[in-house]
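Student: Sharing a sequence plus its predicted fold:
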Amino acid sequence: MKQTAGLILGLLVLLLAQPVRAADRPFGQWAAVVVAGDWHAHSGGPTEAFDNARRDVSLALADLGFSPGAVRQYSVRPRRYPAVKPGKTDLRRIHAGLRELAVKNPAGCLFYVSSHGAPEGVQVDDGLLPPHLLAAMIDDACPARPSIVVVSACFSGVFVRPLQKDDRMILTAARSDRTSFGCSEDDKYPYFDDCFLSSAPTAHDFAALGRAVQACVARRERDTGAEPASEPQLWIGPGLRPLLPLYAFPPRPSPPGGR
C-alpha cells in the first residue's frame, strides 16, 4: 500500500511539474498585433520611442501568456529591425494580419498601437486611423469573441465610444481632449507605454493592469510637471467585466528596478 501511494504521489509530482502548454493558458489562443505608428518625435526629429514600445510590449504579452507566434509586430521602418522582422505599418496589412492570426487563434484578439494622435484618430504612417475604421477592422477580423484594444496616443479617448461592445475592453493613453506625454527624441517610451510595461509584472489581469497604468501615468505626470493631466481612459464591456479575472496572467518574476 505504501509503495502504491508513493507511486501515485510521484506521478502527481511529475504531472504538476510539466510546463503548461501555450494553448492551455488563458491567452494561449488569442491573436495580437502591436503597431508602432510613427517614428517622429513631437519636435519632428527621429525617435525610437514608438518602436521601443512596439518591441517590448510584444515581449510583455508573451510574459502575460500570449503565444509568441500569435503576436505580430508592425513598424513604419521595418528594415531597421531585421532581428524582429516586423511587418510594414500599413492599414491593409495590419487588418489582413490580424484576420489571419484570428483564424488560427480564435479565442480572442488584442490590438495595441503606440503613435501620435489627433482628435480625428491615431497616426499610422502617413495617414490617420479613425475610430470607426478601427472598430470595423476588429469587428471583421474578430467577430463574436472578446477583444482588448489599447491606444497609446494623444486624444486617444476618442476611440472609447466608437469601439464599445459588450465583450470588449478599451484602454487609452488620454482623454479625447487631452494630449499624452513622452514622445521626445530622448524618451525611451511614451509615458503610457512605460507604465504599461512597468505595471504588467505585478498585475493580476487586464482590468487590474488598466487601473495600474492609470495610476502610474498620473504619478509620472505629477513628478515631471506634465500638464494638463492626460487622464488615461479605461472602459470594460459588461459582458467581459466578470470574465477578465478568469483571464489571470501567469505568475512571473518582477524585473529588478522595472524595465
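Tutor: Arrived safely. Predicted model only: the values in this text are computed from it and were never measured.
Student: the strands in this structure, which residues?
Tutor: Assigned by DSSP state E, the chain shows strands spanning 30-36, 71-75, 87-88, 108-114, 117-118, 121-124, 127-129, 147-152, 168-172, 233-236.
Student: pull the CA atoms of the fourth one into CSV?
Tutor: When you say that, I think you mean strand 108-114. C-alpha atoms of strand 108-114 as CSV (Å, rounded to 0.1, in the frame of the first residue of the first chain):
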residue,chain,number,x,y,z
GLY,A,108,-9.8,36.5,-28.6
CYS,A,109,-8.0,39.5,-30.1
LEU,A,110,-5.7,42.2,-28.8
PHE,A,111,-4.8,45.4,-30.8
TYR,A,112,-2.1,47.7,-29.4
VAL,A,113,-0.9,50.8,-31.2
SER,A,114,1.7,53.4,-30.0
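Student: May I have the strands that pair with it, each with its orientation?
Tutor: Sheet pairing of strand 108-114 (DSSP bridges) gives strand 30-36 (parallel), strand 147-152 (parallel).
Student: With the last one instead?
Tutor: Strand 233-236 has these partner strands in its sheet, going by DSSP bridges: strand 168-172 (antiparallel).
Student: centre of the chain versus the strand it pairs with, how much separation?
Tutor: Here the centre of strand 168-172 is set off from its chain's centre by 10 Å, with C-alpha atoms, centre = their mean, to the nearest Å.
Student: what about the helices in the protein?
Tutor: 2-17, 49-63, 91-104, 131-141, 160-163, 191-199, 206-224 (DSSP state H).
Student: Could I get the ones you listed in JSON lines, plus columns for distance to Pro242, mean pLDDT and mean neighbour count?
Tutor: Every residue, glycine included, has its C-beta placed from N, CA and C. Below are these laid out as JSON lines (distance: least, C-beta to C-beta, whole Å; pLDDT from 0 to 100; neighbours: other C-beta atoms under 10 Å):
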{"stretch": "helix 2-17", "distance to Pro242": "29", "mean pLDDT": "39", "mean neighbour count": "9"}
{"stretch": "helix 49-63", "distance to Pro242": "23", "mean pLDDT": "98", "mean neighbour count": "22"}
{"stretch": "helix 91-104", "distance to Pro242": "23", "mean pLDDT": "98", "mean neighbour count": "17"}
{"stretch": "helix 131-141", "distance to Pro242": "21", "mean pLDDT": "98", "mean neighbour count": "18"}
{"stretch": "helix 160-163", "distance to Pro242": "20", "mean pLDDT": "98", "mean neighbour count": "17"}
{"stretch": "helix 191-199", "distance to Pro242": "22", "mean pLDDT": "98", "mean neighbour count": "25"}
{"stretch": "helix 206-224", "distance to Pro242": "10", "mean pLDDT": "98", "mean neighbour count": "18"}
